[in-house]
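1. pasting the structure only:
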């Protein structure tokens, strides 16, 4: 595992992977290696690893799926021999594995391929690509069906690999697959290897469980990180605040330790022994500003008599520079009963504001025309102006309407802020000195798991995170790191997707892209102009909506009704649209204002709407407890919202009439593709993990006669063994499929996967009764 970046100061020793056999890999055809070694490949693919002893099978699997892959990939540059990757180690029989030079070899191969392509025959080029694809697809296939002993996750069989070796097999092939999808090696591949799946290894998840991480955090890591990044996370020492937080009742979907109860909530002091008085702004001044349609800003001014500070209020006017605080209420900086904070916390806020402005260069302040702030940096006086929900959003019951008005203005508050300063208890206990670890701390923080903070992070012009050793300006840090690291081709290889570094800082780039599409005129100094930012208003809108759903997947809020307020605030919908409606009707009220919506919404998991024409759409935002489709499904292409339903354009399979909604779990059909190619396809019903019955108001008598499987193939390749998102719909069997006015009924989500393809000769379809017709058209789904 020496090719994976290690977390600094880890409580775990470096992971050393033993070599299980001195037998060399024979360097012949990859797929026939089992036969040459005395194994039945069909039994192995069926999940039967009992043909030989566990010890023999483990050594064989390592030789084939680890060293065999290295040979298939790097033999063109004469670096694939097993002996290159084994070194002696005292106390081991066959030594330990080393792939420390993996990045250098990936670079050498990616440089070699373009030169080779220019002179090699088409058959030779195809041969190299085919060998790489075949080996990586084979490993992916095994990783999707098998795992090591003691892994309780359902859906896997057990293979005789130790957790360490299981991790090494997954991490190696996933690293190669993701690297080759973006570099010169892609020139000889028939389809991108970046879409291959390698489910997360069990070892890092087991370590997280042992370290008492919240089950919801472990689940999120399993579903969203590569095995290499999960290993990195499991190596990190947990912050003191996180260790004190217990999770006995938490689930894989929800952290109950972070859920709030306003009746029992207590605002925290800076230390447990403190019991100082609460202070806050004069609320009459705050209220009058909000009533007049303005935004109140605060400053903390030192005074000579007790309480030695004063919270002053002024109205925001264009050009005023202020800091907007973003924090997690469960850390104790909220107050549900009064717009006040303890004296100790106000003093701390002032120190934070002073520290932040002192850390900003004078030149930057001059460039931003922040002369008042420059004066405050050099002379004592009132703190920098700031906005904080605890102090600026009225909580008194009689001011309920003003509270709603304040929440509605939060988008503008965070858009206009000079800086958005994030306070998270766990992060504040950690150092920011190591780039990858600092950003991984942010990724794993409670701040990244709450719904309101999504808006605050995305809308921030400049996002700053408080760490134990100072402030981390997210944009400055990523841009500086990019300049330092991407100065060489090797550094580019080390920073490809799927590495801990890229998995850690990827949220920053996603925030930027989303910000482009939710703010009308983003500052070009913050965001690079991209194709998305230059797209039509409708395309921008669809991008923003789809990306918001994606970004909110693992976020929660303590109040269910806040879900749609967050969504509406981020996208820019009028929150009065949902006033007075039942919660289940909120999403419909928002989405029905749009003429176009992203087609990828069809593949979102969750309870569906019951309104006519909207059964295809989910009625929840963020983490609703549903199990998502674990494949790329974020299709941003605009679909049309019509009076009858949602008009989308996808290829689909028309299934034989013998398949019905009730008997549909997993089916295998064949279909003829273009150019005399026939495909054998598996369609598996997706269990979302929620009870949909209560959302289905239509009886079974209304069920239509024929099922159609719509699917999205983003690469338009229908590559074998790559699961794709699908939606099963139903419609009349006797209708002309060319008629676009036919309205089809949404039934359920599914996975669509090509198992094999054949070309020429007797087709699979001719041999099978289970033949499906491939259709390409527009569909209206109601």
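-> Perfect, thanks for sending it. Only a predicted model underlies this, so the values are computations on that prediction, with no experimental measurement involved. Residues are numbered from 1 along each chain as shown.
2. let me see the ranges of the helices in the stretch 651-782 of the chain.
-> 764-767 (DSSP state H, counting those that start in this stretch).
3. pretty sure residue 647 sits against residue 640.
-> Yes - look at residue 647 against residue 640 with C-beta atoms under 8 Å: they come within range, at 4.0 Å. For glycine as for every other residue, the C-beta is placed from the backbone atoms N, C-alpha and C.
4. settle it for me: which of those two has more neighbours?
-> More neighbours surround residue 647 than the other of residue 647 and residue 640, with 18 against 15 (other C-beta atoms under 10 Å).
5. the more buried one and residue 637, how far apart?
-> 12 Å (C-beta to C-beta, to the nearest Å).
6. the closest residue to residue 463 other than its chain neighbours: what's it in contact with?
-> Of all residues not flanking residue 463 in the chain, residue 474 sits nearest, at 4.4 Å (C-beta to C-beta, 6 or more residues apart in numbering). Contact analysis of residue 474 by C-beta atoms under 8 Å, 6 or more residues apart in numbering lists 442, 462, 463, 464, 465, 508.
7. just give me the closest of those to residue 43.
-> Checking those against residue 43 with C-beta to C-beta, the nearest one is residue 442 at 45.8 Å.
8. could I get the pLDDT score of that closest one?
-> The model reports residue 442 with a pLDDT of 98.
9. and residue 346, helix, strand or coil?
-> helix (DSSP: H, G, I helix; E, B strand; the rest coil).
10. quick check, pLDDT for it.
-> Per the predicted model, pLDDT is 97 at residue 346.
11. report how many residues lie close to it.
-> 23.
12. same deal with residue 4?
-> Counted with other C-beta under 10 Å, residue 4 comes out at 23.
13. that one - nearest residue in space that isn't next to it in sequence?
-> residue 228 (4.7 Å).
14. I'd like the distance between that neighbour and residue 243.
-> From residue 228 to residue 243 the distance is 25 Å (C-beta to C-beta).
15. compare those two (neighbour count), which wins?
-> A side-by-side neighbour count of residue 228 and residue 243, using other C-beta under 10 Å, places residue 228 first with 26 against 13.
16. please, which helix or strand holds the more buried one?
-> helix 227-235 (DSSP states H and E).
17. please name every helix or strand in contact with that helix.
-> Under the contact criterion of 3 or more C-beta pairs under 8 Å, 6 or more residues apart in numbering; DSSP states H and E, helix 227-235 touches helix 163-180, helix 202-210, helix 215-224, helix 435-443, helix 500-518.
18. among those helices, which is nearest residue 51?
-> Once the helices and strands packed on helix 227-235 are compared by C-beta to C-beta, helix 163-180 is nearest, at 18.8 Å.
19. from the chain's centre, how far out does the closest one sit?
-> Put simply, helix 163-180 sits 20 Å off its chain's centre (C-alpha atoms, centre = their mean, to the nearest Å).
20. next: stretch 594-607.
-> 17 Å.
21. how about stretch 139-151?
-> 22 Å.
22. can you list contacts of that stretch?
-> 44-45, 47, 49, 61, 65, 69, 153, 156-163, 166, 169-170, 173, 177, 196-199, 201-203, 206, 721.
23. what mean pLDDT does that stretch get?
-> 97.
24. residues of that stretch that come out buried?
-> Within stretch 139-151, the residues that count as buried by 16 or more other C-beta atoms under 10 Å are 139, 140, 141, 142, 143, 144, 146, 147, 148, 151.
25. distance check, the third one against residue 293.
-> It stands for residue 141. Following C-beta to C-beta, the distance that separates residue 141 from residue 293 is 61 Å.
26. give me the neighbour count for residue 486.
-> Neighbour tally, residue 486, other C-beta under 10 Å: 12.
27. was I right to think it contacts residue 494?
-> No - contact criterion C-beta under 8 Å: residue 486 and residue 494 do not qualify, at 9.6 Å.
28. any low-confidence regions in this protein?
-> Across the chain, the ranges flagged by pLDDT under 70 are 360-381, 520-535, 691-704, 734-740, 761-769.
29. break it into its domains for me.
-> 33-199, 278-423, 646-781 (automatic domain parsing).
30. the ones you listed into JSON lines, with extra columns for distance to residue 213?
-> Output for those, formatted as JSON lines (distance: least, C-beta to C-beta, whole Å):
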{"stretch": "domain 33-199", "distance to residue 213": "16"}
{"stretch": "domain 278-423", "distance to residue 213": "16"}
{"stretch": "domain 646-781", "distance to residue 213": "21"}
